[in-house]
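**Student:** Build me a model from this:
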Amino acid sequence: MRRRHQLCRMSTLARSPTVTKMNATRQKQNGAYYTPDRVVASLVRWATRRPSDRMLDPACGDGRFLMAHPNSVGVEQDPQASTFVHERAPGSLIHQGDFFAWAGTTHERFECAAGNPPFIRYQRFSGAMRNTALALCALHGARFSALTSSWAPFLVATATLLKPGGRMAFVVPAEIGHAPYARPVLEYMAAHFGLVHAIAVREKLFPELSEDCWLLHAERFGSQTDHFLLSALERFECIAQPPRDSVRVSVDEWRLWHGRLRPFLLHPDARAAYQRAAHASNSVRLGQVATVGIGYVTGANDFFHLRPSQARQQAIPRDLLRPAVRSGRSLKGRAITRSTVDAWCRRDQPVLLLDLSSCGELPDSVKRYLDSPEGETARNSYKCRNRSPWYVVPDVTVPEAFLSYMSGEGPSLVANHARCVGTNSVHVVKLTRAMSVAQLQRAWDSPLSRLSCELEGHPLGGGMLKVEPGEAARIVLSPSPARSPHDDGLLDDAVSTMRRWRHYA
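**Tutor:** Here you go, the predicted structure:
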């Protein structure tokens with residue numbers, strides 16, 4: 001305990017009260033949220049063995065990892081931050097520029113690496129930097145898709161700069177436990193390190209962010225392993241060594257769970273009960289009895305969705321208007337009925353889609369609406385100007401049910417008795433086998449399916465669970481449950497555990 005206290009105190013004393021804080025907007029743009037001192041001190045201690053160890057921080061930010069180990073090299077793309085680090089850690093060597101370009105050309109190799117790589121989502125992780133990053137990783141056998149966030153190639157590229165026997169210790173997003181693009185990272189780590197240890201931390205390391213973070217520690221670069229270690233901590237405290245309490249996750253079993261570590265936060269008995277139920281003869285996956293997809297995309301929602309009063313004012317024929325589910329907030333109760341739609345219309349909500357897909361000669365009133373100033377604006381939107389004719393919304397269908405894809409308690413499966421259409425803010429469910437919507441809903445309400453939603457979906461900030469169409473297709477259903485009360489109890493408890501880890505109260 002005394003050693004732990006001294007370790008934390010060293011990092012705290014290294015801070016300078018005169019250091020000027022960097023601009024918050026620049027930090028956000030660069031994915032730079034600086035690491036708490038207790039985490040910095042711990043990760044540096046896990047990575048280093050001797051004062052002579054040369055340590056790399058591939059995205060050194062404000063220099064706090066470099067301050068914790070003077071024999072360090074940092075790379076930073078932001079010139080302002082690079083100048084800042086020079087002042088804060090004058091004994092360290094700082095390279096200013098694109099880390100991936102530098103990593104592809106440097107001949108320097110390191111005993112260890114530690115840091116907190118930038119978390120920039122794929123939408124902004126683009127251009128020359130992304131191309132260089134993905135090409136470098138592919139050269140070393142780790143192939144990432146275009147949907148990869150920045151931290152993943154940062155880890156792989158950093159590992160390529162280690163000497164044999166080298167070590168790494170990094171802050172990583174909790175997405176390492178479930179994101180498809182995290183799988184190449186862990187595959188690479190298992191193939192190149194003798195020890196790979198993920199530390200899940202339930203209490204947020206960065207309280208000001210919605211993003212949860214874990215820690216990743218690896219040793220013996222140049223070797224390989226057939227298993228991961230996973231530790232689950234309620235909160236993180238400053239520790240000189242990685243947690244001893246861990247579960248062993250074989251790489252083969254991890255692959256069976258679609259390359260996800262999150263299921264291993266559950267008690268082994270709960271996982272076993274889930275697997276028994278999922279592989280029972282009467283269980284199916286949602287994708288076996290239905291197709292799940294996103295709804296239509298208009299390109300100009302405010303133009304194509306009219307209020308009843310607006311439709312009357314524009315004299316739009318009723319047969320060209322379709323009642324539409326526009327968001328998951330509309331998915332309440334067991335079914336959307338005619339009375340549900342009538343209530344929307346009485347409130348004069350914009351829920352009537354102008355559907356011209358089967359319209360031959362356009363009525364004059366529709367032509368006037370299309371040629372209105374609002375229509376001119378709509379036709380110049382990206383989606384509209386790239387389809388012909390611009391005013392026909394594609395993929396408008398009437399599904400048997402709707403599925404919310406982002407929710408707190410879990411996705412809602414709602415029958416579509418009113419024959420509504422649905423936007424891409426909800427999933428549309430079309431039955432493909434002899435199972436009624438009522439049977440589907442009964443199976444959906446079971447502990448098995450509720451847990452399957454948690455395991456196949458993925459957490460977002462604020463306690464939300466998101467389920468993409470591909471994830472929804474893997475959700476397990478048991479039309480006629482044959483489970484024991486004991487197993488149901490295990491599954492119920494497991495649902496609570498998963499919700500607790502995504503901060504849903």
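**Student:** Which neighbouring elements make contact with the helix ranked longest in the chain?
**Tutor:** Using DSSP state H to define each element, the chain has its longest helix at helix 485-501. The contact analysis (3 or more C-beta pairs under 8 Å, 6 or more residues apart in numbering; DSSP states H and E) places helix 485-501 against helix 268-278, helix 447-456. (Each C-beta comes from the backbone N, C-alpha and C, glycine too.)
**Student:** Beta-bridge partners for residue 171, please?
**Tutor:** When assigned by DSSP bridges, residue 171 has beta-bridge partners residue 215.
**Student:** List the buried residues in stretch 371-385.
**Tutor:** Using 16 or more other C-beta atoms under 10 Å as the burial criterion, the residues of stretch 371-385 that qualify are 375, 378, 379, 384.
**Student:** and if you look at stretch 69-78?
**Tutor:** The neighbour-count check on stretch 69-78 (16+ other C-beta under 10 Å) flags 69, 71, 72, 73, 74, 75, 76, 77, 78 as buried.
**Student:** What is the end-to-end distance of that stretch?
**Tutor:** For stretch 69-78, the separation between the terminal residues is 22 Å (C-alpha to C-alpha, to the nearest Å).
**Student:** Give me the contacts around that stretch.
**Tutor:** 26, 30, 32, 44, 48, 51-61, 63, 65-66, 82, 85, 89, 91-99, 102, 108, 110, 114, 129 (C-beta atoms under 8 Å, 6 or more residues apart in numbering).
**Student:** Report the mean confidence score over it.
**Tutor:** Averaging pLDDT along stretch 69-78 gives 90.
**Student:** Check stretch 487-505 too.
**Tutor:** For stretch 487-505, the per-residue pLDDT averages 92.
**Student:** hang on, the earlier thing: most packed of the helices and strands packed on helix 485-501?
**Tutor:** Ranked by mean neighbour count under mean count of other C-beta atoms under 10 Å, the helices and strands packed on helix 485-501 are led by helix 447-456, which reaches a mean of 26.
**Student:** That one: what's the following helix or strand?
**Tutor:** Sequence-wise, the next helix or strand downstream of helix 447-456 (DSSP states H and E) is strand 458-459.
**Student:** what about the next helix or strand after that following strand, distance to the chain center?
**Tutor:** Once the chain leaves strand 458-459, the next helix or strand it forms, by DSSP H and E, is strand 465-466. Per C-alpha atoms, centre = their mean, to the nearest Å, the displacement of strand 465-466 from the mean C-alpha position of its chain is 9 Å.
**Student:** Mind listing the strands strand 465-466 pairs with, and their directions?
**Tutor:** With DSSP bridges as the criterion, the sheet partners recorded for strand 465-466 are strand 406-407 (antiparallel), strand 458-459 (antiparallel).
**Student:** of all the ones you listed, which lies closest to residue 228?
**Tutor:** Across the strands paired with strand 465-466, residue 228 has its closest neighbour in strand 458-459 (18.6 Å, C-beta to C-beta).
**Student:** The closest one - what's its average pLDDT?
**Tutor:** Averaging pLDDT along strand 458-459 yields 94.
**Student:** chain center to it, what's the gap?
**Tutor:** Centroid separation for strand 458-459 versus its chain: 6 Å, with C-alpha atoms, centre = their mean.
**Student:** The longest helix of the chain: which residues count as buried?
**Tutor:** Within helix 485-501, the residues that count as buried by 16+ other C-beta under 10 Å are 487, 488, 490, 491, 493, 494, 495, 497, 498, 499, 501.
**Student:** what's the answer for stretch 115-129, then?
**Tutor:** For stretch 115-129, burial by neighbour count (16+ other C-beta under 10 Å) applies to 115, 116, 117, 118, 119, 120, 122, 125, 129.
**Student:** What is the nearest of the buried residues of helix 485-501 to residue 203?
**Tutor:** Using C-beta to C-beta, these come closest to residue 203 at residue 501, 10.7 Å.
**Student:** Pull the contacting residues for the closest one.
**Tutor:** Shown in contact with residue 501 (C-beta under 8 Å, 6+ apart): 200, 202, 262, 265, 459.
**Student:** any idea how far residue 175 is from the last one?
**Tutor:** In other words, residue 459. Per C-beta to C-beta, to the nearest Å, residue 459 is found 9 Å from residue 175.
**Student:** Could you do the fourth one as well?
**Tutor:** From residue 265 across to residue 175, the span is 14 Å (C-beta to C-beta).
**Student:** More neighbours: the two, which one.
**Tutor:** Each of residue 265 and residue 175 has its neighbours counted (other C-beta atoms under 10 Å); residue 175 has more, 22 against 19.
**Student:** Nearest residue to the more buried one in space, please, no chain neighbours.
**Tutor:** residue 182 (5.8 Å; C-beta to C-beta, 6 or more residues apart in numbering).
**Student:** Next: residue 79.
**Tutor:** Of all residues not flanking residue 79 in the chain, residue 96 sits nearest, at 6.0 Å (C-beta to C-beta, 6+ apart).
**Student:** From what I see, residue 57 and residue 115 are in contact.
**Tutor:** Yes: the pair formed by residue 57 and residue 115 meets the contact definition of C-beta atoms under 8 Å, at 4.0 Å.
**Student:** shared neighbours, these two?
**Tutor:** residue 65.
**Student:** Does residue 175 fall in a helix, a strand, or a coil region?
**Tutor:** Following DSSP: H, G, I helix; E, B strand; the rest coil, the label given to residue 175 is helix.
**Student:** any idea how far residue 330 is from it?
**Tutor:** Taken as C-beta to C-beta, the span from residue 175 to residue 330 is 29 Å.
**Student:** now residue 297
**Tutor:** Using C-beta to C-beta, residue 297 is found at 17 Å from residue 330.
**Student:** quick one, which of those two is more surrounded?
**Tutor:** Per other C-beta under 10 Å, whichever of residue 297 and residue 330 has more neighbours is residue 330, with 21 against 14.
**Student:** Dihedrals phi and psi, the more buried one?
**Tutor:** Main-chain torsions, residue 330, degrees, to the nearest 10: phi -80, psi -10.
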